[in-house]
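Peer 1: make a model of this:
(one chain, ligands or ions: 3)
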Amino acid sequence: MVNVYSNAPVDETERQLYFLEELKKKISTINESRDDKLTCHVTTFGCQMNARDSEKLLGILKEAGFIESDEEEKADFIIYNTCTVRDNANQKVYGRLGYLKNQKKKRPDMKVALCGCMMQEPSVIEKLKKSYRFVNLIFGTHNIFKFAELVYRMLDEDTMVIDIWEDTDKIVEDLPVDRKYSFKSGVNIMFGCNNFCTYCIVPYVRGRERSRSSKEIIREIEKLVADGVKEVMLLGQNVNSYGKGIENELTFPQLLTEIEKIDGLERIRFMTSHPKDLSDELIEVMRNSKKICKHLHLPLQSGSSKILGVMNRRYTKESYIELATKIRKAIPDIAITSDIIVGFPGETKEDVDETIDVINTVKFDGAFTFVYSKRTGTPAAAMDNQVSDEFVKEHFDRVLKAVQENAKDQANKLTGKIMEVLVEDVNDHDSTMVTGRLSNNLCVHFKGDSSIIGTIKNVKLVECKDFYYIGEIV
Ligand code: SAH
Ligand code: SF4
Ligand code: F3S
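Peer 2: Ligands and ions are numbered 1, 2, ... in the order given. Okay, here's the model as predicted:
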């Protein structure tokens, strides 16, 4: 018999396409011996980048011959793409694994794979090896491109297959992807993060910052547009530092300018922007653009310069306000949204007051508010002035209230206007309605059916329901 492994090509894209072919043969043989076809289900636990990775996993599985199952419960192969940014993300995974452990007793042929950010933590791997022996395959964020090969091994071997890399400088292009939406898509422009905010685990589990080549990015978007995509979301932990450290590479504003030229592409979004690296050049490009959406996600984290310093965010309360004011002046109809953490070590009532002051001054159009979560290995976890649960209980709601009040006021300003909406879905609760998004990211619900999904319509914003609109097509 030929040895599949020793015959594998060395070039990584070729190698994975080779294993994909081998996997196809294997799946087809298995399917011949069964009444129905093997099914799979991928669950995303994390951010947009995690979701984009799930599309890559599903792309490989479908190409290999798996059928996507709507229900995780019934799938033959279950994949959890995990997140570890806050402890509750981890707890969710352990909870679901407990359930799967029982399921596996009833369905011993079922296979389970774990991947994503949580798998880059050595303590997690130890715990899985000890208490979750039934898991078939474990891999991390740096070798996700090897999925075809790893699934092949999983089906070939009877033991728990574990493959975790500490870091990588590799970016492997041209593997299959299965998009969740036909008309919009995430596009990675960079991986990893170099910022080391003291509370954050992302740099440890995603590795150092690596930008993709602008040629590859543009080629991917051109292909997506030819395939019907109207809106792209450029993804990176800090898109404003795109291209840094690479000779002759474009800057982020230059990249946007090139992407704007792609015929047929209608909307460009991006996230996330770190305030410290947001240039005047970017504001100028956004101001003059016909395609870049009127939305900027600009995480504040805290409004206290003292806390921002300890967080290693490298901006102050004053410089953040100055930046947001400059952006609002240049682009008056832009929505600015944010991320805020409550309960960082050493935070006092006065620090929270400063955060609320920034929320009211900048008038955020929306913000995610998070309770600080201690992440082992980060500098903040070792600080000896952790705050109490009582402190968080007392102050979290104050921050949330300020966020919600400003978001309502901002949303209400648009009542009566006619604006473009990209239709995304049939409404969950009322099948005679559709749901879409304004350029500024607000949701609008209006009468319509599935035939207009993926098209841009002019819609009158009739009634503001605080955080979304009921509209009428005009
Ligand atoms: N790169 C992005 C953020 C990615 S993580 C940026 O810097 O803007 C998304 C959000 O999770 C962060 O903005 C932060 O608000 C929150 N977050 C990260 N680590 C956290 C922690 N340990 N506890 C609570 N929230 C955290
Ligand atoms: Fe985490 Fe800071 Fe990097 Fe964002 S910029 S991913 S918060 S370390
Ligand atoms: Fe995203 Fe969570 Fe990883 S937020 S980068 S999936 S830790």
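Peer 1: next SSE after the lengthiest helix in the chain?
Peer 2: Longest helix of the chain, by residue count under DSSP state H: helix 389-412. As assigned by DSSP states H and E, the chain's next helix or strand after helix 389-412 is strand 418-426.
Peer 1: so for that next one, mean pLDDT?
Peer 2: Taken as a whole, strand 418-426 has an average pLDDT of 98.
Peer 1: give me the distance from the longest helix of the chain to the chain's centre.
Peer 2: 24 Å (C-alpha atoms, centre = their mean, to the nearest Å).
Peer 1: would you mind writing the CA trace of that helix as CSV?
Peer 2: The C-alpha coordinates for helix 389-412 follow below in CSV (Å, rounded to 0.1, in the frame of the first residue of the first chain):
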residue,chain,number,x,y,z
ASP,A,389,-17.5,41.5,42.7
GLU,A,390,-19.4,44.1,44.8
PHE,A,391,-17.6,46.9,43.0
VAL,A,392,-18.4,45.5,39.6
LYS,A,393,-22.1,45.0,40.6
GLU,A,394,-22.3,48.6,41.7
HIS,A,395,-20.7,50.2,38.7
PHE,A,396,-21.3,48.0,35.7
ASP,A,397,-25.0,49.0,35.5
ARG,A,398,-24.0,52.7,35.6
VAL,A,399,-21.8,52.3,32.6
LEU,A,400,-24.4,50.2,30.8
LYS,A,401,-27.1,52.8,31.4
ALA,A,402,-24.9,55.6,30.0
VAL,A,403,-24.1,53.5,26.9
GLN,A,404,-27.8,52.7,26.3
GLU,A,405,-29.0,56.3,26.8
ASN,A,406,-26.4,57.7,24.3
ALA,A,407,-27.1,54.8,21.8
LYS,A,408,-30.9,55.6,21.9
ASP,A,409,-30.3,59.4,21.4
GLN,A,410,-28.0,58.8,18.5
ALA,A,411,-30.3,56.3,16.8
ASN,A,412,-33.3,58.5,17.2
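Peer 1: name the residues of it that are buried.
Peer 2: Residues of helix 389-412 classed as buried: 391, 392, 395, 396, 399, 402, 403, 404, 406, 407, 410, 411 (neighbour count, 16 or more other C-beta atoms under 10 Å). To be clear about C-beta, it is placed using only N, CA and C from the backbone, and glycine gets the same treatment.
Peer 1: just give me the closest of these to residue 471.
Peer 2: Using C-beta to C-beta, residue 411 comes nearest to residue 471 of the buried residues of helix 389-412, at 12.6 Å.
Peer 1: can I get the buried residues of helix 389-412 in TSV including distance to ligand 2?
Peer 2: Putting these into TSV (distance: C-beta to the nearest ligand atom, whole Å) gives the following:
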residue	distance to ligand 2
391	22
392	19
395	21
396	19
399	18
402	21
403	18
404	23
406	22
407	22
410	24
411	26
